[in-house]
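> mind folding the following:
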Amino acid sequence: MKSVLITGANRSIGLETAKQLSQKGLFVYLGTRDLAKGEAVVTALNEEGFQNIKAIAIDVTNLDSILSAKNSIENEQGKLDILINNAGISGDFPQNASDTSVEDIQKVFDTNFFGVIRVTQIFLALLKKSDSPRISNITSGLGSLTLHSDPNWKYYPFKSASYGTSKTALNAFTVVLAYELKDLPFKVNAIDPGYTATDFNHYSGPGTIESAATFIVKHTLTDENAPTGQFFSNDIEDETGVSPW
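Below is the predicted model of the structure:
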């Protein structure tokens, strides 16, 4: 049975992704900062018939927490097949470039960018033990510089000095990591689940959590011929879902 770790998975898109992957026969580590809350979620899932999901404490901003999660998974599985870097925060709004404090920007980057780097680097050794390792970095269309430079883009006015720039940085890291691992069986991609109605955005998005998770699963459970180092978005209206960087 393949194993997957999803950070920030005790609610919303992360939770739905965990459910869908569990239904496909994977063993899911449901990453959560608060283990008690995560275990309560898993108990509820067990009552719904999900048996191959386990809560695991992981705070992507805390190195000791990440190392502890890695050691637990290594002891139980010996390897990790899939890492989905889903944990993220939006920061406080508005986020104007002229007056958003450096401290606020750093706080968002610490989770959305540096958190991904910490988790990925620590789990890389376990992923290399898999026959078909996958790393999916959950990003946003708001991280696309190309789209943000197009006045005709429907989300053109939605600029954010903390959140959007953290996702732009994450996209860049994804490209660098994918290139470094290109001669190994890794597939490393940035995946934007689209503008989804969640508590993250006060349910303002038009997309559903189910659609968002299905898109993540589609571009994570890929075969050996799938692309790596790509940016996929559920908001791109063509069958490829490829977004401009």
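
> L181: how many residues sit nearby?
Neighbour count for L181, taken as other C-beta atoms under 10 Å: 19. Yep, even glycine has a C-beta here, placed from its N, CA and C like the rest.

> is it in contact with V188, as I believe?
Yes. Between L181 and V188 there is a contact at 6.0 Å, judged by C-beta atoms under 8 Å.

> which residues do those two both contact?
Common neighbours of L181 and V188, counting by C-beta atoms under 8 Å, 6 or more residues apart in numbering, are T228.

> now do the helices in the chain.
12-23, 35-47, 63-77, 102-112, 114-127, 145-148, 163-180, 209-218 (DSSP state H).

> which of the ones you listed sits most buried?
Comparing the helices of the chain by mean neighbour count (mean count of other C-beta atoms under 10 Å), helix 12-23 comes out on top with a mean of 22.

> export the helices of the chain to a markdown table and append columns for mean pLDDT and distance to T196.
Below are these laid out as a markdown table (pLDDT from 0 to 100; distance: least, C-beta to C-beta, whole Å):
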| stretch | mean pLDDT | distance to T196 |
| --- | --- | --- |
| helix 12-23 | 98 | 6 |
| helix 35-47 | 98 | 19 |
| helix 63-77 | 98 | 26 |
| helix 102-112 | 98 | 16 |
| helix 114-127 | 98 | 19 |
| helix 145-148 | 98 | 17 |
| helix 163-180 | 98 | 14 |
| helix 209-218 | 97 | 4 |
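
> using JSON lines, lay out those helices together with distance to D238.
Below are the helices of the chain laid out as JSON lines (distance: least, C-beta to C-beta, whole Å):
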{"stretch": "helix 12-23", "distance to D238": "22"}
{"stretch": "helix 35-47", "distance to D238": "34"}
{"stretch": "helix 63-77", "distance to D238": "37"}
{"stretch": "helix 102-112", "distance to D238": "27"}
{"stretch": "helix 114-127", "distance to D238": "27"}
{"stretch": "helix 145-148", "distance to D238": "14"}
{"stretch": "helix 163-180", "distance to D238": "19"}
{"stretch": "helix 209-218", "distance to D238": "13"}
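
> quick one: closest of these to Y156.
Among the helices of the chain, helix 145-148 comes nearest to Y156, with 6.9 Å by C-beta to C-beta.

> which ones are touching the nearest residue to F93 once chain neighbours are set aside?
Of all residues not flanking F93 in the chain, S160 sits nearest, at 7.4 Å (C-beta to C-beta, 6 or more residues apart in numbering). Applying C-beta under 8 Å, 6+ apart, we find S160 in contact with G91, F93, Q95, L142.

> separation between S160 and D223?
Separation of S160 from D223 (C-beta to C-beta, to the nearest Å): 35 Å.

> and what of M1?
Here M1 is placed at a distance of 18 Å from D223 (C-beta to C-beta).

> just D104 next, same as before
Counting by C-beta to C-beta, the gap from D104 to D223 is 41 Å.

> please state the offset of stretch 121-128 from the chain centre?
When C-alpha coordinates are averaged (C-alpha atoms, centre = their mean, to the nearest Å), stretch 121-128 and its chain have centres 16 Å apart.

> please disregard the earlier target; I meant stretch 233-243.
Using C-alpha atoms, centre = their mean, the mean C-alpha position of stretch 233-243 is found 17 Å from that of the whole chain.

> for stretch 143-158, same thing?
Worked out by C-alpha atoms, centre = their mean, stretch 143-158 lies 22 Å from the chain centre.

> contacts only, for the spatially most central residue of the chain.
Nearest to the geometric centre of the chain sits N86, at 2.5 Å (C-alpha atoms, centre = their mean). When contacts are counted by C-beta under 8 Å, 6+ apart, N86 touches I6, T7, G8, A9, I13, G14, T17, G31, I138.
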